[in-house]
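[1] structure, please.
(2 chains)
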Amino acid sequence: MDFNALAEMLFPHITETPADVEAKYPPRNLPEGAKVTRFAPSPTGFVHFGGLFPSTVAERLAHQSGGVFYLRIEDTDAKREVEGAAEGLIKTLATYGINFDEGAILDESGKVADKGAYGPYKQSMRGPIYQTFAKQLVREGKAYPCFTTEEELDELQQVNKKEEIKNTDWQAEAESRRAEMLARRSFTMEEVKEHLDAGHPFVVRILANGDPEKKVKFTDLVKGAIEFPENDEDFVLLKSDGIPTYHFAHAVDDHLMGTTHVIRGEEWLPSLPKHVQLFSYLGFKLPKYMHIAQIMRLDENGNKKKLSKRDMGANMDDYTRMGYSPEAVCEYVMTLLNSNYEEWHAKNLDKPYTEFPFNIKKMSVSGCLFDFNKLNDVSKNILSRMTAEGVYEKLTVWASAFDPDFAEALTSDKEMAVKILSIGRGGKKPRKDLATWADAKPYMGFFYDKFFAIEDEYPAFDQDIIKATLEKFLETYNYADEMNVWFDKIKAIADSLGFASDMKAYKANPEAFKGNVADISAFIRVAVTGKQNAPDLYTVMQIIGEEKTRARISAQIDTMK
RNA sequence: GGCCCGGUGGUCAAGCGGCUAAGACACCGCCCUUUCACGGCGGUAACACGGGUUCGAUUCCCGUCCGGGUCACCA
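    Reported below is the predicted structural model:
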């Protein structure tokens, strides 16, 4: 067969050669050891936690080595593309510290534009480039046109569509597909011409020369040595619309754009044989690969599953909505990515995570379960170290978007809000009440009449005692009292009611008392805050003010006739 | 089912032939304490199983089991 003629017949409009294209993509002039990495999402929706993971690795590796980190939009599937997704992706990534040196960026008008000399960075704009390389492969007899339609293929695949797939079905399908594939390989120039003349669409398939009996050895930077059978599947290079599949685009683009390290999710591991073969066919140097372990979730049966779009915590917008600060999420990601991050962080509390020496060797090879407990802990530590002012600023921003009522309360009296947020903050051992901005209202809402309600039960004592406590408190309460005086009065109430005012005495002999001063405090606390769990009561009363404090307690007494 | 990856406490994980098998989160207890927290101290809890190799296996090899991923003109 005259492959040259075939190539011309298939791609008459392609006049450039691969060498012409290569000339437009000179090698990058980068210092020794600089890594060129990329994030290459398909614009099909929001940013996924599973996407933030590898992109963080790629960003760190590039910037830590003085290399280049670029964004490539893999919009090769028009059917799945979502309007505006690329813009959203870029914005979201930026809030998590993922900034690109090159590639698809947002211009002044907020539209996706190219920056850098290795573009275009949108694959849909690169059709002729891929076709040039496809034409070359056809010319060399390494790829061929296939006129089998999707419908015909679907029929072959019916077995595959069933829910329950039996062993024999798999084998039958594999055999029939294989037979079909072999059949597609043989054709004559006349047949091709007829199809073309009739305007039939075609795809370009690779002519796989792999022997599945033979193994390819390969080293993944995180997985280590891997062995897999050579590829013998004639997978599609160019779809019938002339746009490449992921595999082909990956090979052509990462070669042309000078990617040194391909960082992607572990789910790509099985297609590695295809890529190895493709790079070899194309005469490209294989980049280094890092396949990152997946984030999992627990399904209803208690099994681990890959975190998917629908899951809570998959969409990065969820974190914004829940009120997690990006710093917390980033730091949590770091703890998952590098096992020694926490150790480093403990010693470098004031340094941003970007100063952490990220280490490929410390990356986990197995997947991990998403753990909200851990995220919350990381987050609490971060928020506890912020100033009251800082918390106020960020909290109001969040609240104005997700809880306008609360935002209004906050901003109507900034001074008070900051006072509230100052409680237990700033010292060596700050309180850790807030993991998210959404935690703020339950924590401090009671300061505002609008959000005040008796939420918790009083401790289990006779109502008479509780009522007596509240009455006695009102009799002696003086807003001007110093904390110690105020406290002594509470102790006096405890003594007068047969409660221990001294915790040690109580501990030594609990039977001798009805309860202790902690119980007495709890009565007052619930009356004033509606909760058993609220910060320092004295300070709370100082902020709320005498009038309101008395009013709340009186109101409680009235309910206890 | 084929292929690939993985398997240390509930979770994330140190470990890389000899250790009382780290640490963090969660949980529990004690201490501190007017409450709630914070903090301090302590505790429960793990090398999936079976064969090898070795003087000695969590560590190396093989098998089994379990978990995950993947098998498209989706990425």
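
[2] from residue A:235, how far off is residue A:148?
    To residue A:235, residue A:148 is 13 Å away according to C-beta to C-beta, to the nearest Å. C-betas here are computed from N, CA, C, even on glycine.

[3] which one of those two is surrounded by more residues?
    More crowded of residue A:148 and residue A:235, by other C-beta atoms under 10 Å: residue A:235, with 18 against 15.

[4] touching, the more buried one and residue A:206? I think so.
    Yes. Residue A:235 lies in contact with residue A:206 (C-beta atoms under 8 Å); the separation is 5.9 Å.

[5] where do the contact lists of the two overlap?
    Counting by C-beta atoms under 8 Å, 6 or more residues apart in numbering, the residues touching both residue A:235 and residue A:206 are residue A:274.

[6] could you report the pLDDT at the closest residue to residue A:202 other than its chain neighbours?
    The shortest distance from residue A:202 to any non-neighbouring residue, by C-beta to C-beta, 6 or more residues apart in numbering, is to residue A:145 (4.4 Å). We have a pLDDT of 95 for residue A:145.

[7] so what's the closest residue to residue A:11 other than its chain neighbours up against?
    Ranked by C-beta to C-beta, 6+ apart and with sequence neighbours excluded, the top spatial neighbour of residue A:11 is residue A:135, at 4.2 Å. Counting by C-beta under 8 Å, 6+ apart, residue A:135 makes contact with A:7, A:10, A:11, A:14.

[8] what does residue A:135 show for phi and psi?
    Backbone torsions of residue A:135, given as degrees, to the nearest 10, read phi -60, psi -40.

[9] same question for the one 5 residues further on.
    Residue A:140 has phi and psi values of phi -90, psi 0 when expressed as degrees, to the nearest 10.

[10] how much space separates it from RNA strand B?
    21 Å (C-beta to the nearest atom of the strand, to the nearest Å).

[11] follow-up on the earlier one: near RNA strand B too, which of the contacts of residue A:135?
    With C-beta under 7 Å from any atom of the strand as the criterion, the contacts of residue A:135 include none near RNA strand B.

[12] ok, the closest residue in space to residue A:382 that isn't next to it in sequence to residue A:13 distance?
    Closest residue in space to residue A:382, ignoring its immediate chain neighbours: residue A:328 at 5.1 Å, by C-beta to C-beta, 6+ apart. Using C-beta to C-beta, residue A:328 is found at 52 Å from residue A:13.

[13] quick one, which of these two is more surrounded?
    More neighbours surround residue A:328 than the other of residue A:328 and residue A:13, with 22 against 9 (other C-beta under 10 Å).

[14] which residues sit against the helix or strand hosting that one?
    Assessed by DSSP states H and E, residue A:328 sits inside helix A:326-337. Contacts with helix A:326-337, where a contact means C-beta under 8 Å, 6+ apart, come from A:52-53, A:56-57, A:95-97, A:295, A:316, A:319, A:341-342, A:345, A:353, A:356, A:358, A:363-364, A:368, A:374-375, A:378-379, A:382-383, A:435.

[15] buried stuff in it?
    Buried residues in helix A:326-337, counted by 16 or more other C-beta atoms under 10 Å: A:327, A:328, A:329, A:330, A:331, A:332, A:333, A:334, A:335, A:336, A:337.

[16] show the pLDDT at the fourth one.
    On pLDDT, residue A:330 comes in at 95.

[17] kindly report the same for the first one.
    Listed pLDDT for residue A:327 reads 94.

[18] what residues does the stretch 301-450 of chain A put near RNA strand B?
    A:303-306, A:335-336, A:339, A:342-343, A:362, A:364-369, A:371, A:373-374, A:376-377, A:424, A:429-433.
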